[in-house]
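Novice: Turn this into a structure:
(one chain, ligands or ions: 1)
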Amino acid sequence: MKPASILIVLVLVVAVAGGVAAQETPLNVVATTTLVADVAAQIGGDLVVVSSLLPPDTDTHAYQFTPQDVARVSQADLLLVVGAGYETFLGRLLESAGEIPSVVVSEGVAILPVHAEDDETTAGEPLGVLGQGLVCEGEEDEAAHDGVEHHDHAHGVCDPHVWMDPANVMIWAENIAAAFAAVDPINADVYRANAVAYIAELEALDAELRALVETLPRERRMLVTNHVALNYFAHAYDFDIVATVLPGVSTGAELSPQALIELVELLRAQSVPVIFAEVTANLQLAQLAAQEAGVTLVADLYTEALSDAGGPAATYIDFMRHNTRTIVEALGE
Ligand SMILES: [Zn+2]
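Specialist: As a prediction, this is how the structure comes out:
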């Protein structure tokens, strides 16, 4: 045996004997969005290096991955995705990046429909639970690939913006802790403890947001948003979704002139005071609708991503605080 080989054997023996030393290299985790990355960083602490595929202040619906993104994902130990059809680019990305272990953090979340069928002014009732027999439209191809018939599946156009209710992010925290523990079982207790602590913070956040919303009379809790993004918020905090400017779940949806006229009529009939739009929005249509209906446009919501570190929504908790304050203040005036 050459001296160099002996050294390598010695290092290996020391690493195994040291137990935890075997995980000295932190897990390399890539999350699709900054929201998932923030939660993952809370759970992973020093044991995990988390990065977000999409940068802050970006619109996931308009994202197209680059060769550099493919390279980053292919080097990851674990990829964390929202699921529910949110990452429409995921299939093509994984085709290019290869088989990376990936975890859908929203598994176990009750998924709301994009539009309620019976009553247009509510956020609707859940279509089913993700990971428990619900197939979201856009993910059906994937389900078909395994060659199994899925007659017992509930189908629907899922709203993937589940993080707009902190209760769902508590489920993310549990799923992420379990995913980290599966890859790094030695530190399972640390991930579990971090999740418990973070969930306590989310419970405090939820209580804070609930108290804030309570200051707004029920009849003022009317939401008109640029695209379908606040269903879970409305469901959690008892708001009505009166309308959205863009009809679909994506910011890439189109609006016909007839639909714009109908929207303006609806805004006038319901005496809606505000249209809310996300900071990343193309505001042309929302501006036009607000102008025609004579209502205020507040284009200050963060819906798909965190702000950069200096902005008002640099963590998930600040993101929810900022959005809820913006909504309550605008509707309270
Ligand atoms: Zn969205």
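Novice: Okay, now the unreliable bits of the protein?
Specialist: 1-23, 116-123, 138-156 (pLDDT under 70).
Novice: which helix in it runs the most residues?
Specialist: The longest helix of the chain (DSSP state H) is helix 188-214.
Novice: Which of the three states applies to Thr280?
Specialist: Assigned with DSSP: H, G, I helix; E, B strand; the rest coil, Thr280 falls in the coil class.
Novice: isn't it right up against Leu301?
Specialist: No. With contact defined as CB atoms under 8 Å, Thr280 does not count as touching Leu301 (9.6 Å). Yep, even glycine has a C-beta here, placed from its N, CA and C like the rest.
Novice: More neighbours: which of those two?
Specialist: More crowded of Thr280 and Leu301, by other CB atoms under 10 Å: Leu301, with 26 against 19.
Novice: For the more buried one, which residues count as its bridge partners?
Specialist: On the basis of DSSP bridges, Leu301 is bridged to Glu278.
Novice: List the contacts of it.
Specialist: Applying CB atoms under 8 Å, 6 or more residues apart in numbering to Leu301 gives the contacts Thr225, Ala229, Phe276, Ala277, Glu278, Val279, Asn323, Thr326, Ile327.
Novice: hmm, 6 Å instead?
Specialist: Listed by CB atoms under 6 Å, 6 or more residues apart in numbering, the contact partners of Leu301 are Phe276, Glu278, Asn323.
Novice: Quick check: the closest residue to the last one other than its chain neighbours vs Val279, distance?
Specialist: Of all residues not flanking Asn323 in the chain, Leu301 sits nearest, at 5.3 Å (CB to CB, 6 or more residues apart in numbering). The gap separating Leu301 from Val279 is 7 Å, by CB to CB, to the nearest Å.
Novice: May I see the domains of this structure written out as residue ranges?
Specialist: By the assignment in automatic domain parsing, the chain contains the domains 3-205, 216-332.
Novice: hey, C-alpha coordinates of stretch 237-245 in CSV?
Specialist: What follows is stretch 237-245, C-alpha atoms only, in CSV (Å, rounded to 0.1, in the frame of the first residue of the first chain):
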residue,chain,number,x,y,z
TYR,A,237,-58.8,34.4,7.0
ASP,A,238,-62.4,34.6,5.9
PHE,A,239,-62.2,36.9,2.8
ASP,A,240,-64.3,36.8,-0.3
ILE,A,241,-62.5,36.4,-3.7
VAL,A,242,-64.7,38.7,-5.8
ALA,A,243,-62.8,38.4,-9.0
THR,A,244,-59.4,38.2,-10.6
VAL,A,245,-58.2,40.3,-13.5
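Novice: so Ala71 is in which element?
Specialist: Assigned by DSSP states H and E, Ala71 falls within helix 67-74.
Novice: Convert that helix to PDB, retaining C-alpha atoms only.
Specialist: Output in PDB follows, covering the C-alpha atoms of helix 67-74 (Å, rounded to 0.1, in the frame of the first residue of the first chain):
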ATOM      1  CA  PRO A  67     -28.200  25.600 -18.700                       C
ATOM      2  CA  GLN A  68     -26.700  27.000 -15.500                       C
ATOM      3  CA  ASP A  69     -29.900  26.100 -13.600                       C
ATOM      4  CA  VAL A  70     -29.700  22.600 -15.000                       C
ATOM      5  CA  ALA A  71     -26.100  22.200 -13.800                       C
ATOM      6  CA  ARG A  72     -27.100  23.400 -10.300                       C
ATOM      7  CA  VAL A  73     -29.900  21.000 -10.000                       C
ATOM      8  CA  SER A  74     -27.900  18.100 -11.300                       C
END
